[in-house]
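Undergrad: curious how this folds, go ahead:
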Amino acid sequence: MSAQHLSKGFFPLVFLFVIIGCTKVKNTDIGVDLLPAIDNVTTFDTTLSVAVETAFIPDSLMPRVTRDLYGAVGDFVLGHLSNEPVFGATTASAYYELKPTEYPFNFENKPDSLYLDSVVLGLKWRNTFGDTNGIQGIDVYKVSEFIRPDTSYPLSASVSYGELLGTSKFAPSILNDSINLGTYKSKDQLRITITPSFGKALLAFDSALTTSPLKSDSLFRDYFKGFALIPQKLNSSNALMTFDMDDTATYVRMYYQYIKNGDRDTTYKTFTFKNLKPGGAINQITRNYTNTELSRFITKKESDSLVYIHSTPGTYAKISIPSLDVFKKIKGNVIVHLAELSMQEVLTTARRTDLFVTPTYLYVEGIDSASKSYVPFTADGFPAGTFDPTVFGGKKKSGIDPQNKEITTYSMNMTRYVQGIITRNDKNYPLRLQAPYVVTYPALVTAFYLNPMCRGGVVLGGGSHPTQRMKLRLVYSKL
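TA: Here you go, the predicted model:
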């Protein structure tokens, strides 16, 4: 072998040996009560370098969010976030069916004795991410193609729509206000007035007729295929709102009068999303990273000083730890008391901490390129067969950066995973770090939720950051 080849192989080894040299004792939040005393004689504390690269989550890996195993739909995101300087703009639309609670569906009296007052579309509000005072505009259209109620749609899906049925402009801050509506009170609800023609057409149908849309679910779906809620892309809109589709306050309600004992009486009828004949639904979410801090940095593939993690649907980081293989070669078989992957938020100039929160959870898993699948750290994160974040970590915590500013920190326990690499020659997988909405492992028949959809992003120090680098901390003992 030539001297040139020797030097090329020798330099990385020497460099990594310096990196994994022993360091002074540091604190940890994972398993601290189980760690032995670090005496630098038999038990040591060291850190290994990591290499990180940010990437966009492709459509093929986006979750299908419409229905879970139990048929529930849960929360949908709606609105337009126009200006998040780090992560850009987001537009979230909703397409869904609202249907009668039973068939045949009847209104009081005969159609020619009914008098419409108003029609209101309601959605049960849960929370808002972003600027609650910026004006949002929501347009309601009539869907013109079927939405399958038995199908989970990807976040990129949509359906065609046509006739405008209503529109509303409002500040999200009003959504938790109480509204007195005659005999009952509405709270935590978005209410949009629908054009009277929609209600009058329904009141005109006689359910006794065999061709009436109120006669059966199939006839009603042929007549009306659902609502499309499309946000206006206003510069004042800078928030995303979350609504509970399965709640009883998500409906379209028709207020009308009918003749009772010779006089007019007032009542209402409600079409709902969750009933005996479930409705189909799609939540379309589109990210736009044009001219953002992220777009300017993600093209620099050779650099991993900063890592951009944007919650689903967004970005992820690919992490590799070749220094772990070098550690094993140099140190041999050791007992690993702690292997903790840790990372810190870096406050960039575009960061708006007053409006945009960091994700509640980050999650890391192995990437098995051979089987084209993702590998969970079952021994570290699934001690009782289900995911336990209190054992695995990943939940955000508060920390202080070198400028004495408050930041978010994350850490994950990978102790048994690393022990397997050292002791059993398990594969040292590249890792995927993300802020997922849902994590699914079909082969294990396991799925769990971690973060609300579209809720937050964080910029982390990468493996080469000068003061806040991502790293793998090891506490180990010689055999």
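
Undergrad: in stretch 42-54, what's buried?
TA: Using 16 or more other C-beta atoms under 10 Å as the test for burial, stretch 42-54 gives 43, 44, 45, 46, 47, 48, 49, 50, 51, 52, 53, 54. C-betas here are computed from N, CA, C, even on glycine.

Undergrad: nope, stretch 240-257 is what I was after
TA: Neighbour-count burial for stretch 240-257 [16+ other C-beta under 10 Å]: 240-247, 249-257.

Undergrad: kindly report the same for stretch 375-385.
TA: Within stretch 375-385, the residues that qualify as buried are 375, 376, 377, 380, 381, 382, counting by 16+ other C-beta under 10 Å.

Undergrad: all helices for the stretch 351-479 of the chain, in order.
TA: 378-381, 389-392, 415-423 (DSSP state H, counting those that start in this stretch).

Undergrad: for those, which one sits closest to residue 341?
TA: helix 415-423 (9.5 Å; C-beta to C-beta).

Undergrad: neighbouring contacts of that closest one?
TA: By C-beta atoms under 8 Å, 6 or more residues apart in numbering, the surrounding residues in contact with helix 415-423 are 31, 324-325, 327-328, 333-340, 366, 377, 379-380, 426-428, 472, 474.

Undergrad: do stretch 212-230 as well
TA: So stretch 212-230 is in contact with 78, 93-100, 103-106, 121, 138-147, 159, 161, 165, 202, 205-207, 209, 211, 252, 277, 279-280, going by C-beta under 8 Å, 6+ apart.

Undergrad: so which of those sit within strands?
TA: 78, 93-96, 121, 138-143, 161, 165, 252 (DSSP state E).

Undergrad: tell me the phi and psi of the closest residue to residue 277 other than its chain neighbours?
TA: Closest residue to residue 277 apart from its sequence neighbours, by C-beta to C-beta, 6 or more residues apart in numbering: residue 217 at 4.4 Å. For residue 217, the backbone dihedrals (degrees, to the nearest 10) come out as phi -70, psi -40.

Undergrad: pLDDT wise, what is residue 217 at?
TA: Residue 217 is assigned 93 on the pLDDT scale.

Undergrad: what's around it, how many residues?
TA: 20 (other C-beta atoms under 10 Å).

Undergrad: low-confidence stretches in the stretch 51-200 of the chain?
TA: Across the stretch 51-200 of the chain, residues meeting the criterion (pLDDT under 70) sit at 66-71, 109, 178-185.

Undergrad: confidence score at residue 335?
TA: So, for residue 335, pLDDT stands at 94.

Undergrad: now the residue sitting furthest away from the middle of the chain: how far from residue 106?
TA: Ranked by distance from the centre of the chain (C-alpha atoms, centre = their mean), the top residue is residue 262, with 54.9 Å. According to C-beta to C-beta, to the nearest Å, residue 262 stands 21 Å off from residue 106.
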